[in-house]
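A.B. asks: Here's a sequence, model it:
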Amino acid sequence: MSLSARAASSATPIAAATPETVLQLSGVTKRFNGHTVLDSVNLNVTAGETVCLLGPSGSGKSTLLRCINWLEAPDEGSVRLLGQRVGVRADGRRMSDRELASIRTQPDAFFSNPQSERARSFLANYTTRLPFLHEHPEIIEPSS
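C.D. replies: Numbering: from 1, shown residues only. Model (predicted):
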């Protein structure tokens, strides 16, 4: 079963976005040649929250990220960033490449900026956010 199928089968109905919701996906679906890669994915990400996508190769992680920032247009559903619909204008027409580029270039709009955390290693930057690793720092920075 793909990552998307598991997410969709276990998903609860998405709650209405709150003022602290930064990213909201509602029913995001993507198909390639009749094969459903993302199946009605729902997700709310709130301010300060870190989200990690895990799954085997081919499970839809990259496709989901591409749909979030509209490098790939979802076949169904919506993506909202800070309450603003991404990819589709208020009148229902698709946003131009220029409009999409302006959304994508907002600081840390979709992905954290690795330059802002230069002082530590990649592994330390991204794994220290996991509570287990906070309790076991020797995993991140083994003593010499």
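A.B. asks: So which elements touch the host helix or strand of Thr36?
C.D. replies: Following DSSP states H and E, one finds Thr36 within strand 35-46. Secondary-structure packing of strand 35-46 (3 or more C-beta pairs under 8 Å, 6 or more residues apart in numbering; DSSP states H and E): helix 3-10, strand 21-32, helix 61-68, strand 76-81. To be clear about C-beta, it is placed using only N, CA and C from the backbone, and glycine gets the same treatment.
A.B. asks: That one pairs with which strands?
C.D. replies: Paired strands of strand 35-46, with direction, are strand 21-32 (antiparallel) (DSSP bridges).
A.B. asks: so who does Leu25 touch?
C.D. replies: Applying C-beta atoms under 8 Å, 6 or more residues apart in numbering, we find Leu25 in contact with 14, 41-44, 68, 77-80.
A.B. asks: Filter the residues you listed down to just the buried residues.
C.D. replies: 41-44, 68, 77, 79-80 (16 or more other C-beta atoms under 10 Å).
A.B. asks: show me where pLDDT drops low in this protein?
C.D. replies: Applying pLDDT under 70 to the chain flags residues 1-19, 106-144.
A.B. asks: the domain parsing of it - what is it?
C.D. replies: If you go by automatic domain parsing, the domain ranges for the chain are 3-110, 112-144.
A.B. asks: residues of stretch 93-108 that come out buried?
C.D. replies: For stretch 93-108, burial by neighbour count (16+ other C-beta under 10 Å) applies to 95, 100, 103.
A.B. asks: Dump these to TSV, plus distance to Gly87 and secondary structure.
C.D. replies: Output for the buried residues of stretch 93-108, formatted as TSV (distance: C-beta to C-beta, whole Å; DSSP: H, G, I helix; E, B strand; the rest coil):
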residue	distance to Gly87	secondary structure
Met95	6	coil
Leu100	7	helix
Ile103	9	helix
